[in-house]
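Visitor: sequence-free structure coming up:
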């Protein structure tokens with residue numbers, strides 16, 4: 001807080017202080033989320049579409065850095081952040097109208113200025129000082145937004161033109177028609193996509209956690225995974241600047257455990273659906289690959305491993321309450337080995353748990369008694385609910401690690 005009179009008031013130095021505060025590591029994530037939540041409130045598609053929201057988050061972070069640099073330099077040279085250009089191009093590739101991009105910046109500008117106004121109001125300055133600095137910030141921000149949007153409109157238009165002419169567009173439109181369940185000529189779709197829809201399909205969704213120069217690296221990862229599984233080159237459909245959809249077509253169910261030994265770039269995550277037959281399998285496996293990434297934060301997530309968690313975790317608060325209510329003290333992190341033992345016991349009995357965990361039977365029995373003490377009842381009481389809560393608690397712990 002400042003304690004200075006109007007005669008000591010210096011708009012330029014305060015703007016520099018504002019710029020520094022905007023990029024404090026402790027605050028920047030909260031600022032970005034606030035701005036994007038306000039944009040999403042006006043444009044709900046950014047709440048319902050995971051890929052779009054990810055691109056919006058990256059764009060806002062980049063634009064915040066660019067705007068701070070502009071404030072500090074007080075220069076006329078304005079260039080939008082590369083992440084903002086990527087978002088504009090994503091909107092164009094999705095076939096969305098220019099109005100979507102313009103609405104993002106209209107609502108984003110309003111949200112940013114509201115936030116700046118709140119920061120100014122917290123300063124212990126006379127009213128004249130706050131009005132002066134507010135006027136200066138609004139003026140600079142309006143100029144910056146206008147110049148950025150002009151360049152982003154150009155980027156959108158160029159990408160839109162490429163998109164309209166691209167075979168990739170036709171491929172994505174065909175894939176989306178199949179995923180929606182539209183009435184399609186399967187033979188014609190297979191010819192158009194160069195992909196056998198009638199075979200067994202395994203879907204992958206690959207996302208980059210950091211900004212990339214397009215999806216080339218993601219495509220290379222998908223091709224390598226296909227080779228490990230002995231599958232032909234996959235069908236590849238880039239969506240957004242950091243997301244790739246892929247499908248493997250095989251005559252058999254691939255052994256996905258082979259992927260555990262593969263090395264992958266650290267900044268990508270991969271969700272894999274369950275292999276299934278034909279067009280419906282093409283759809284269901286993709287839905288599951290998307291759900292796998294939403295249910296678990298590990299780098300490689302097989303839907304078959306998290307299916308129960310995915311089905312139960314639509315309401316995360318309710319799931320957490322269910323786990324705590326069912327497991328009680330057994331839910332504490334320190335008791336993870338006991339939970340693993342109980343899961344193995346409920347699935348395979350004492351002998352099976354002993355073999356699976358590599359423990360002596362007496363050790364298994366001792367752990368089971370400890371678990372019952374923590375639960376306050378027998379493991380046979382509410383057996384189904386107990387098993388589900390244990391599986392969900394294990395997946396929750398893995399997703400946070």
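Guide: The structure has been received and is ready for your questions. Keep in mind that this is a model prediction, so the values were computed, not measured.
Visitor: which other helices and strands does the lengthiest helix in the chain contact?
Guide: Longest helix in the chain, counting residues (DSSP state H): helix 127-165. Here helix 127-165 touches helix 11-22, helix 50-73, helix 82-93, helix 98-121, going by 3 or more Cβ pairs under 8 Å, 6 or more residues apart in numbering; DSSP states H and E. All C-beta spots, glycine's among them, are computed from the backbone N, C-alpha and C.
Visitor: how does it look with 6 Å?
Guide: helix 11-22, helix 82-93, helix 98-121 (3 or more Cβ pairs under 6 Å, 6 or more residues apart in numbering; DSSP states H and E).
Visitor: okay, those, which one's buried deepest?
Guide: With neighbours defined as mean count of other Cβ atoms under 10 Å, the helices and strands packed on helix 127-165 peak in mean count at helix 82-93, which reaches a mean of 23.
Visitor: tell me the angle it makes with helix 98-121.
Guide: For helix 82-93 against helix 98-121, the angle by axes from the mean of the first three to the mean of the last three Cα atoms, to 10 degrees is 150 degrees.
Visitor: which residues sit against helix 82-93?
Guide: 55, 58-59, 62-63, 100-101, 152, 155-156, 159-160, 163, 211, 240-241 (Cβ atoms under 6 Å, 6 or more residues apart in numbering).
Visitor: also stretch 300-317?
Guide: By Cβ under 6 Å, 6+ apart, the surrounding residues in contact with stretch 300-317 are 256, 270-274, 288, 291-292, 295-296, 319, 391-392, 395.
Visitor: which parts of this protein belong to which domain?
Guide: Annotated domains of the chain cover 6-165, 198-306, 316-400 [automatic domain parsing].
Visitor: looking at those, which is nearest to residue 174?
Guide: Proximity to residue 174 (Cβ to Cβ) singles out domain 198-306 among the domains of the chain, at 9.3 Å.
Visitor: end-to-end on that closest one?
Guide: The first and final residues of domain 198-306 sit 26 Å from each other (Cα to Cα, to the nearest Å).
Visitor: just checking the distance from it to the centre of its chain.
Guide: On the basis of Cα atoms, centre = their mean, to the nearest Å, domain 198-306 sits 15 Å off its chain's mean C-alpha point.
Visitor: any idea of the mean pLDDT in it?
Guide: Average pLDDT, domain 198-306: 90.
Visitor: tell me the confidence at residue 15?
Guide: Note for residue 15: predicted pLDDT of 63.
Visitor: columns distance to residue 225 on top of the helices and strands packed on helix 127-165, output as a markdown table?
Guide: Shown next, in a markdown table, are these (distance: least, Cβ to Cβ, whole Å):
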| stretch | distance to residue 225 |
| --- | --- |
| helix 11-22 | 41 |
| helix 82-93 | 24 |
| helix 98-121 | 33 |
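Visitor: so which of these is nearest residue 181?
Guide: Nearest of those (Cβ to Cβ): helix 82-93, 22.6 Å.
Visitor: hmm, back to that, what mean pLDDT would you report for the longest helix of the chain?
Guide: What helix 127-165 shows for mean pLDDT is 83.
Visitor: next secondary structure after that helix?
Guide: Downstream of helix 127-165, the next assigned helix or strand under DSSP states H and E is helix 167-180.
Visitor: please name every helix or strand in contact with that next one.
Guide: Applying 3+ Cβ pairs under 6 Å, 6+ apart, one finds that helix 167-180 makes contact with helix 186-193.
Visitor: farthest pair within the contacts of stretch 300-317?
Guide: The most widely separated members of the contacts of stretch 300-317, counting by Cβ to Cβ, are 256 and 319 (25.5 Å).
Visitor: using the three-state scheme, assign the closest residue in space to residue 151 that isn't next to it in sequence.
Guide: Leaving aside its sequence neighbours, residue 151 sits nearest to residue 80 (Cβ to Cβ, 6 or more residues apart in numbering; 5.5 Å). State at residue 80, reduced to three classes by DSSP: H, G, I helix; E, B strand; the rest coil: coil.
Visitor: returning to what we had before: how about the helices and strands packed on helix 127-165, which one is nearest residue 73?
Guide: Between the helices and strands packed on helix 127-165, helix 11-22 lies closest to residue 73; by Cβ to Cβ that is 9.7 Å.
Visitor: what does the helix or strand that the closest one is followed by rub up against?
Guide: Using DSSP H and E, the next helix or strand after helix 11-22 towards the C-terminus is helix 25-42. Under the contact criterion Cβ under 6 Å, 6+ apart, helix 25-42 has outside partners 46-47, 56-57, 60-61, 104, 107-108, 111.
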